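S.K.: Quick one, what's the 3D model for this:
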Amino acid sequence: MTPPQCAHRRAEHPVSAASSSFVFRTVALAVAFAAAGAAFAQPRPPEPQALAVAAAAPAGGAVRELNLTQLGIDYAVQLRGISGTVGIPFNVRADELVTAASFRLNYAYSPSLIPELSHLKVTVNDVLVATLPVPTAGAGRPQTAEIPIDRRLITEFNRINVELIGHYTRECEDPAHTSLWARVDASSTLKLTVAPLKLVNDLAALPQPFFDRRDVRRARIPFVFGTAASGPVLEAAGVVSSWFGALADYRGATFPVSGGDLPTGHAVVFVTPDSSIPGLTLPAIRGPGIAIVDNPRDPNGKLLLVMGSTPADLRTAAAALALNAKAFAGATASITAFQEPPARKPYDAPRWVPSDRPLQLGELTTAADLSVTGYNPDVVRVNLQLPPDLFTWRSRGIPLDLQYRYTPRVRPDQSTLNVNVNENFVGGLPLRSANPAGDRWWNPLAVKLMPDGTLAERKEVILPPLAMGPRSQLRLHYYFEPVGGRCVPQLDNVRGAIDPTSTIDVSGFPHFIAMPELAAYANGGFPFSRMADLSDTAVILPDQPSGSDTEMFLGLLGQIGRSTGYPALRVKVGRAAEAQQWADKDLLVIGSLQNQPLFTQWADRMPLKRNGNAPEFKLDSWIDNAIDFVIGARTREDLPGSMQISVSADGRDGVLAGFQSPLRSGRSVVAAIANAESKDALLNALMTPDLLKSVQGSMTIVRDTQVNSVLGQDTYYVGRLPPIAWVQWHLSRSPLMLAGLVILLALLGAAVSYAGLQLRARRRLSVKAKGK
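M.R.: This next block holds a predicted model:
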């Protein structure tokens, strides 16, 4: 696909403050190294009672505390062996400067460690900041250490290492002995005091400072509308929010909305020549363009202006921004020529495993992330986004052509490459010895090694479909059995790597799914994400959308952008009266039961209906269940289907509901029912992994952090199956239909046999008549 072209004017721009900040931090780091070296030259005796060291008083600014889970360590940290280490990465935004820092380490250690020979070593960017003794009195119990960090050590990208130096005997010892352990608790926190750093107005820094990939927190990007939020204006905003949602990825992104008043901090502003925003002087607007200006309400804040002479120009500017952000420079850019890319094809979202070819793992991650070293290596993790409607029924599974290399074993042992999908164990591949004959100096069966001394192998691994969700993680862990022992030194010289040309192939599977299924929407944006540019999607807002309705719209498009990795270039936005003209599209309907007329018009089709002022869930009847038994409708044991359920009439409950479009069969509707009170809880449920697991079925009700889902009986199917698979699928779902088909085939066979016998009898009579 030819990338879109965008011509623009380049303004003069000096060296950015972000780069200046980086130089300052680098020089400060060198000074800190020198100072630290001088300090280390004069060792001081340990102070066993001084584990809690008071951090320096903050010099002002915002204070942030991040635990290990927020910093990307989402698993239990166990340090083992004589030198076990864990690395904790953390970053600093380009528009912030750290003025104070400390690390609260919550830990425990083995009672078997010898205090005189053992300790915990804490470093920041390879500079020692603390050495923690392991006295016998505190062994086996939770401990806490407050460790101050010199701010001069902190750059944009940083790493805290916690290393166990452990010994359990003064004689020869086994480096892999089970008594050599320490535990770092996930509640350990990094505390940073940051001051804002004023940046220059330069489009070349985009998406900074509005989104900074160094920031692991949920992105919060205010949107300001300086013009009436008509359909095209909201479509432009949806393009930008889906772009930011794709950038935010796992963090999630929210978009507070203002109708004209500027917030503090950074914000995105949509303006036309008729816009009037208090305190903001607009540049001359002649067609589509973008600009970065200072926020008059915040001396350190920036405004990203998305400009256009008309609402259509705003949409052009938004598309150019989302597709060509790296091509801009200077404070202002006019878009004088822009060509939209061709329409996307089904299932070609950049973040999805493609349905028309095998996908190499190297397309999903870097070669460095596929390599590990040492006897306690990290897990190789590859994130997989599968099409939610992949039909794997009665298949062997999803084939993984796994090519891998490793240091061959000295002799045959129990070393393996373990394959997991999420938390599910798939299988273990034995790691072989290069010389199976052992000590023989010559062996005709010896394995030929690669030039780097590793052994290369290739295996087909079948990944179980039930373990593969729309969002899955392939985890590959090398286990090297230690070859040392007591009084035998162990050289940590083993390594393993997954070849980037290893492939996963889903091209042989059709696309077919029983709907409604909110899990497919919540995890993969389906059915809207089937077309990555949302060309088959229309969003229906209330006739007079409130700020919370617009925020819900922007947040949901940000989530779909996260799933696809592509901006919503062709989404349509309108009101209830325009729904009929988009009958051939899947519909995302947003509003409350009070302000969205479609929820009243389509009440009979929705799993949620109103009974007076209080909404309730439709109940099944015995007739429905009898019909389901005959036709073979979908059933699930993990979700309730018939139940009494109350929904708060005061709007505290947010609801997601899925059902077939009343305008055209085979098309889907996802209704997001929320008001100002429940909107945040509903968006939070879609952005929080622990809550997201509960979003499924045909309706999900969210109250604060409680998520409950139910499954209705109005099932329909989306997609196509090959003819034979279609027959097998429907017969397998309906026992009576299968029995009826068997009886019909038996009767047909009997009728054919009877007709054949009758024909033979007539022939005999005819032959006899001729003989006479």
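S.K.: For the rest of this, base every contact and every neighbour count on C-alpha atoms.
M.R.: OK.
S.K.: Can you classify residue 314 as helix, strand or coil?
M.R.: helix (DSSP: H, G, I helix; E, B strand; the rest coil).
S.K.: Please list all residues in contact with the nearest residue to it once chain neighbours are set aside.
M.R.: Leaving aside its chain neighbours, residue 314 sits nearest to residue 308 (4.6 Å; criterion: C-alpha to C-alpha, 6 or more residues apart in numbering). Residue 308 is in contact with 271, 272, 273, 285, 286, 287, 288, 289, 314, 317, counting by C-alpha atoms under 8 Å, 6 or more residues apart in numbering.
S.K.: Give me the sheet partners of the longest strand seen in the chain and which way each runs.
M.R.: Under DSSP state E, the strand in the chain containing the largest number of residues is strand 96-109. Here strand 96-109 is paired, per DSSP bridges, with strand 143-149 (antiparallel), strand 181-184 (antiparallel), strand 189-196 (antiparallel).
S.K.: returning to that earlier point: and the contacts of residue 308, which two are furthest apart?
M.R.: Greatest spatial distance among the contacts of residue 308 (C-alpha to C-alpha): 273 and 317, at 14.4 Å.
S.K.: Of the two, which one has the most company?
M.R.: Each of residue 273 and residue 317 has its neighbours counted (other C-alpha atoms under 10 Å); residue 317 has more, 27 against 17.
S.K.: so how far is residue 326 from that one?
M.R.: Relative to residue 326, residue 317 is positioned 14 Å away (C-alpha to C-alpha, to the nearest Å).
S.K.: And residue 460, by the same measure?
M.R.: With C-alpha to C-alpha as the criterion, residue 460 and residue 326 are 40 Å apart.
S.K.: where does residue 727 land in three-state SS?
M.R.: Under the three-state scheme (three-state DSSP), residue 727 adopts helix.
S.K.: Apologies, that question was intended for residue 549.
M.R.: Secondary structure, three-state DSSP: residue 549 is helix.
S.K.: For it, the count of nearby residues, please.
M.R.: The burial count for residue 549: 24, using other C-alpha under 10 Å.
S.K.: Does it touch residue 675 like I think?
M.R.: Yes - taking contacts as C-alpha atoms under 8 Å, residue 549 lies within contact range of residue 675: 7.2 Å.
S.K.: Can you work out which residues contact both of these two?
M.R.: Residues touching both residue 549 and residue 675 by C-alpha under 8 Å, 6+ apart: residue 591.
S.K.: returning to that earlier point: next SSE after the longest strand of the chain?
M.R.: Note on strand 96-109: by DSSP states H and E, the next helix or strand toward the C-terminus is strand 119-124.
S.K.: Mean confidence (pLDDT) on that following strand, please.
M.R.: Strand 119-124 shows a mean pLDDT of 96.
S.K.: gap between that strand and the chain center?
M.R.: Relative to the centre of its chain, strand 119-124 is centred 32 Å away, using C-alpha atoms, centre = their mean, to the nearest Å.
S.K.: before we move on, what about stretch 514-532?
M.R.: 15 Å.
S.K.: how long is it end to end?
M.R.: 21 Å.
S.K.: Pretty sure residue 108 sits against residue 180.
M.R.: No - using C-alpha under 8 Å, residue 108 makes no contact with residue 180, being 11.8 Å away.
S.K.: who's in contact with the closest residue to residue 549 other than its chain neighbours?
M.R.: Residue nearest to residue 549 in three dimensions, not counting chain neighbours: residue 591, with 5.9 Å by C-alpha to C-alpha, 6+ apart. For residue 591, the contact set (C-alpha under 8 Å, 6+ apart) comprises 541, 542, 545, 549, 672, 673, 674, 675.
S.K.: Just the buried residues out of those residues, in PyMOL syntax.
M.R.: Listed next is the PyMOL selection for buried residues among the contacts of residue 591, using 16 or more other C-alpha atoms under 10 Å:
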select buried, resi 541+542+545+549+672+673+674+675
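S.K.: Which of the contacts of residue 591 fall within strands?
M.R.: When DSSP E is applied, those are split such that 672, 673 fall in strands.
S.K.: From the contacts of residue 308, keep the buried residues only.
M.R.: Applying 16+ other C-alpha under 10 Å to these flags 271, 272, 273, 285, 286, 287, 288, 289, 314, 317 as buried.
S.K.: Rebuild those as JSON lines, extending it with pLDDT, distance to residue 185 and secondary structure.
M.R.: Shown next, in JSON lines, are the buried ones among the contacts of residue 308 (pLDDT from 0 to 100; distance: C-alpha to C-alpha, whole Å; DSSP: H, G, I helix; E, B strand; the rest coil):
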{"residue": "271", "pLDDT": "93", "distance to residue 185": "49", "secondary structure": "strand"}
{"residue": "272", "pLDDT": "93", "distance to residue 185": "53", "secondary structure": "coil"}
{"residue": "273", "pLDDT": "92", "distance to residue 185": "56", "secondary structure": "coil"}
{"residue": "285", "pLDDT": "92", "distance to residue 185": "55", "secondary structure": "coil"}
{"residue": "286", "pLDDT": "90", "distance to residue 185": "57", "secondary structure": "coil"}
{"residue": "287", "pLDDT": "92", "distance to residue 185": "55", "secondary structure": "coil"}
{"residue": "288", "pLDDT": "95", "distance to residue 185": "52", "secondary structure": "coil"}
{"residue": "289", "pLDDT": "95", "distance to residue 185": "50", "secondary structure": "strand"}
{"residue": "314", "pLDDT": "95", "distance to residue 185": "49", "secondary structure": "helix"}
{"residue": "317", "pLDDT": "96", "distance to residue 185": "47", "secondary structure": "helix"}
